[in-house]
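Engineer: A predicted structure for the sequence below; I have some questions about it.
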Amino acid sequence: MKASFWSGAILLVPALALLLHAADKSSVPGKPANPAAPVSEYVGSETCLTCHEAVYREQFERTPHFQTVKKGHGCESCHGPGSEHVAGGGDKSKIVSFAGLARAESSRRCLECHGDSKAQHFAGSSAHAGNQVGCVDCHSPHHAAEPEHLLVKKQPELCYSCHANERAEFARPYHHRVNEGLVECSDCHSAHGASSLRQVRETAGGDAACFRCHAEKQGPFVYEHVPVKTEGCSSCHTPHGSTNPRLLRLSEVNLTCLQCHSYPGLGPSGPAHNQSQKYQACTMCHAAIHGSNADTAFLK
């Protein structure tokens, strides 16, 4: 019995020695067991210039982003530290390439600098961000077609590339002069996000955007036309374009009025308001239809 015990112990000694020897090799003093991957460091835009001179001189140096050379890390402010990229002979996997980033990640990088400007609502309230549209879909730091805001296309063509229905609306006979270049989509809508419906600027109803041009319709008036205040301009008008004059939703003024002033219960009565004959538009007499300071019936 004793001989069997000692023979087993003797067999275990070499195995234990091998394990201890392996442990000693893996824990050499002053050397980590699993060396970490090398950390890339900033090399400066001058280093980028040696390989990317055309991009630097023609597409970076002439844009507002060139200010990052003075206040940040230049090219590396967006693309990350480049020492490993340089050491790898231009290995694209060692640098941040926006072409390979998800839209949310590329936009996050842009918002690191632009988060305190008009783009601050983009991630939280923009319908664009919610539909996987990122900053680089509309803006291009290197290949911008428009110097202002570095847009990839000029408005409204840039907006039309996604909003095909709105393109058709602006092609109608009566429309806001967007195609003519007198009005831009961004005059009424905030592309970077807003708390209002359809990202309309100023207020939830969007009427403040209309009043920027149509100030005479704003008031306040002594006698207010209730729908103007409660339902807004779009209750009677289509904002983009219409087949009817004055961008009206319906082809006749009387029909627009009768949506609320239904005869005879709530609306006009008497021989002067024989709607079956359609003698004339309501606004021939009720000219101050948006509000009046003189007459409760909005008469001339």
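Structural biologist: It's in. Numbers count the residues shown, from 1 in each chain.
Engineer: how close does residue 249 sit to residue 128?
Structural biologist: Residue 249 sits 27 Å away from residue 128, going by CB to CB, to the nearest Å. For glycine as for every other residue, the C-beta is placed from the backbone atoms N, C-alpha and C.
Engineer: Between those two, point out the one with more neighbours.
Structural biologist: Each of residue 249 and residue 128 had its neighbours counted (other CB atoms under 10 Å), and the higher figure belongs to residue 128 (19 against 14).
Engineer: wouldn't residue 138 be in contact with residue 191 here?
Structural biologist: Yes. With contacts counted by CB atoms under 8 Å, residue 138 reaches residue 191, the gap being 7.0 Å.
Engineer: What sits closest to residue 221 if chain neighbours are left out?
Structural biologist: residue 291 (3.2 Å; CB to CB, 6 or more residues apart in numbering).
Engineer: What count of nearby residues applies to that neighbour?
Structural biologist: 19.
Engineer: Surely it touches residue 298?
Structural biologist: Yes. Counting by CB under 8 Å, residue 291 touches residue 298, with 7.4 Å between them.
Engineer: shared neighbours of the two, anything?
Structural biologist: Shared contacts of residue 291 and residue 298 (CB atoms under 8 Å, 6 or more residues apart in numbering): 223, 225.
Engineer: Mind jotting down where the strands sit in this structure?
Structural biologist: Assigned by DSSP state E, the strands in the chain fall at 174-175, 223-224, 241-242, 291-292.
Engineer: So for the residue nearest the centre of the chain, what's the pLDDT?
Structural biologist: Geometric centre of the chain, nearest residue: residue 192, 3.5 Å, by CA atoms, centre = their mean. Turning to residue 192, the model gives it a pLDDT of 83.
Engineer: Can you measure across stretch 160-168, start residue to end residue?
Structural biologist: 9 Å (CA to CA, to the nearest Å).
Engineer: measure residue 228 to residue 248 for me?
Structural biologist: The value you get for residue 228 to residue 248, if CB to CB is used, is 14 Å.
Engineer: meant to ask about residue 172, not that
Structural biologist: 12 Å.
Engineer: more neighbours, these two?
Structural biologist: In this view residue 172 and residue 248 are compared by other CB under 10 Å, and residue 248 has more residues nearby, 17 against 14.
Engineer: which strand residues sit across from the more buried one in the sheet?
Structural biologist: residue 237 (DSSP bridges).
Engineer: Test my guess that it contacts residue 236.
Structural biologist: Yes. Contact criterion CB under 8 Å: residue 248 and residue 236 qualify, at 6.2 Å.
Engineer: joint contacts of these two?
Structural biologist: residue 256.
Engineer: wouldn't residue 199 be in contact with residue 185 here?
Structural biologist: No. Assessed by CB under 8 Å, residue 199 is found out of contact with residue 185, at 10.2 Å.
Engineer: so what sits against both of those two?
Structural biologist: Shared contacts of residue 199 and residue 185, counting by CB under 8 Å, 6+ apart, come down to residue 191.
Engineer: excluding its backbone neighbours, what's nearest residue 247?
Structural biologist: Sequence neighbours aside, residue 237 is the residue nearest to residue 247 in space, at 4.5 Å (criterion: CB to CB, 6+ apart).
Engineer: what's near enough to touch that neighbour?
Structural biologist: By CB under 8 Å, 6+ apart, residue 237 lies in contact with 246, 247, 248, 249.
Engineer: With residue 88 instead?
Structural biologist: Here residue 88 is in contact with residue 94 (CB under 8 Å, 6+ apart).
Engineer: Can you tell me the closest non-neighbouring residue to residue 83?
Structural biologist: Of all residues not flanking residue 83 in the chain, residue 41 sits nearest, at 4.3 Å (CB to CB, 6+ apart).
Engineer: wait, I meant residue 47
Structural biologist: Using CB to CB, 6+ apart and skipping residues adjacent in sequence, the residue nearest residue 47 is residue 86, 6.2 Å away.
Engineer: I appreciate the help and will end here.
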